[in-house]
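Participant: Would you be able to build a 3D model of this:
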Amino acid sequence: MSREVLIVEAAALDAFAAEAFRRAGVDEADAAYCARCLVEADLRGVESHGILRLPIYVRRLRGGAVNARPRPKTVSGAGALEVMDGDAGIGYVVGRAAMLRAVELAGEHGIAAVGVTNSSHFGPAGIYARLAVEHDMIGVAMSNVDAKVVAPGGRLPITGNNPLAVAVPSFGEFPFALDMSLSAASGGKLLLAAKKGETIPLDWATDAEGRPTGDPRVAFEGFYQPLGGIKGLGLSFVLDILCGLVTGGPFGRQLESMYSSAAPTRTGHMMIAIDVLRIVPRELMKGRMAAFFADIKASPMRDPSADMRVPGERAYSKEMQRRADGIPLAPGVLDELAELGRELGLTATLAPKAGPAHTSG
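Facilitator: Okay, the predicted model is just below:
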């Protein structure tokens, strides 16, 4: 039987998430920021890292696996390269602190990198890459996560589906924004497919024995296939080195899972900021990025009705649409949020936005 997909306004979702974070011990300003990050992901069509993640974040905050009020601090490095201890804090707060520090150092040196250890899941890496763009800089953000990715033909996981994002200011309607994890599909996509009652492609993931599966629930308990085979696997190794090995944090199979462990994940990040306007004047950069975008958009498609898009364009268009029309919540996600609201005694509600009904089969 199909069920209605609830369409809610971004403001309602934001208020609900912010109150949930506050009830979990996060201070008011950080709770508002974390909520905004979740809602932004849903607005941009990245539902795998949106409000879907709120219940697990709250459980880990309330259980003490994540520090609700961290004080990130620099523990090593000099010049344009530092390492920050995240104080086991929520990844959104720690990641923001690290990228803002990278931006500050890049303002002094032209380019800077800030590594992070002892953090937690930080959502879409694109949040932090675009944060650098807000300061007219190129941003690169990456993280390591618990090992869930198997090598092609492998039976046991060897690395994480480590996320990578690069954002470049265009000084136009939207920046260039590449944001991806290094598995064929993220764990959040598997969770979302499970809550929607969908099957998944067989090349996305395996069961716990390394056998391909189309069941997202089995896949979530199993392992992920690397993006692009051994190329994605190799790039995942690189991110693990930059985020875990050189920062002094855990790497590979040393990392904890936020879903299967009650312990801190001790996640590592690396934030890089490049003050591009030191080498390319603003108006020249704007013109060259416009030409770059135009060249991509002019690329002919085999299907004449298809549209060639620049990285970041789809998410920008989706955000504009959802700010006007509302954000759809799958029934499974809605059920979990309703349960969370009852558990925390939230006053914020997720009333439907006025408009036509949607269904989910």
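Participant: Would you mind giving the domain segments of the chain?
Facilitator: 1-63+324-361, 70-183+226-278 (automatic domain parsing).
Participant: Out of those, which one sits most buried?
Facilitator: For the domains of the chain, the largest average neighbour count (mean count of other C-beta atoms under 10 Å) is found in domain 70-183+226-278, namely a mean of 21. Backbone N, C-alpha and C define where each C-beta goes, glycine included.
Participant: helices and strands around the helix ranked longest in the chain, which ones?
Facilitator: Ordering each helix of the chain by length in residues (DSSP state H) puts helix 91-109 first. Under the contact definition 3 or more C-beta pairs under 8 Å, 6 or more residues apart in numbering; DSSP states H and E, helix 91-109 sits against helix 28-43, strand 81-85, strand 111-119, helix 126-133, strand 138-143, strand 267-274.
Participant: Which residues outside stretch 196-203 are in contact with it?
Facilitator: Residues from elsewhere that reach stretch 196-203 (C-beta atoms under 8 Å, 6 or more residues apart in numbering): 184-185, 189-190, 193, 212-216, 219, 225, 330-332, 360-361.
Participant: how distant is it from the center of its chain?
Facilitator: Centroid separation for stretch 196-203 versus its chain: 21 Å, with C-alpha atoms, centre = their mean, to the nearest Å.
Participant: One more: stretch 253-264?
Facilitator: Distance, centroid of stretch 253-264 to centroid of chain: 18 Å (C-alpha atoms, centre = their mean).
Participant: same question for it, mean pLDDT?
Facilitator: Across stretch 253-264, pLDDT averages out at 91.
Participant: Export that stretch to PDB, keeping only CA atoms.
Facilitator: Extracted in PDB, the C-alpha atoms of stretch 253-264 (Å, rounded to 0.1, in the frame of the first residue of the first chain):
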ATOM      1  CA  ARG A 253      39.800  -0.500  10.300                       C
ATOM      2  CA  GLN A 254      40.800   1.400  13.500                       C
ATOM      3  CA  LEU A 255      37.800   3.800  13.100                       C
ATOM      4  CA  GLU A 256      34.500   3.100  14.900                       C
ATOM      5  CA  SER A 257      31.100   3.100  13.300                       C
ATOM      6  CA  MET A 258      28.500   5.500  14.600                       C
ATOM      7  CA  TYR A 259      25.800   2.900  13.900                       C
ATOM      8  CA  SER A 260      27.300  -0.200  15.400                       C
ATOM      9  CA  SER A 261      29.400   1.200  18.200                       C
ATOM     10  CA  ALA A 262      28.600   3.300  21.200                       C
ATOM     11  CA  ALA A 263      32.100   4.600  21.300                       C
ATOM     12  CA  PRO A 264      33.400   7.900  19.800                       C
END
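Participant: got the contact list for it?
Facilitator: Under C-beta under 8 Å, 6+ apart, the answer for stretch 253-264 is 56, 60, 63, 65-66, 88, 118, 120-121, 144-148, 157-158, 160, 187, 244, 265-267.
Participant: Which of those residues fall within strands?
Facilitator: Applying DSSP state E to those, the entries found in strands are N118, P157, I158, T267.
Participant: which residues touch the second one?
Facilitator: What that stands for is P157. Counting by C-beta under 8 Å, 6+ apart, P157 has contacts A147, K148, V149, V150, F223, Y224, R253.
Participant: Can you tell me how far the first one is from G252?
Facilitator: In this case it means A147. 6 Å (C-beta to C-beta, to the nearest Å).
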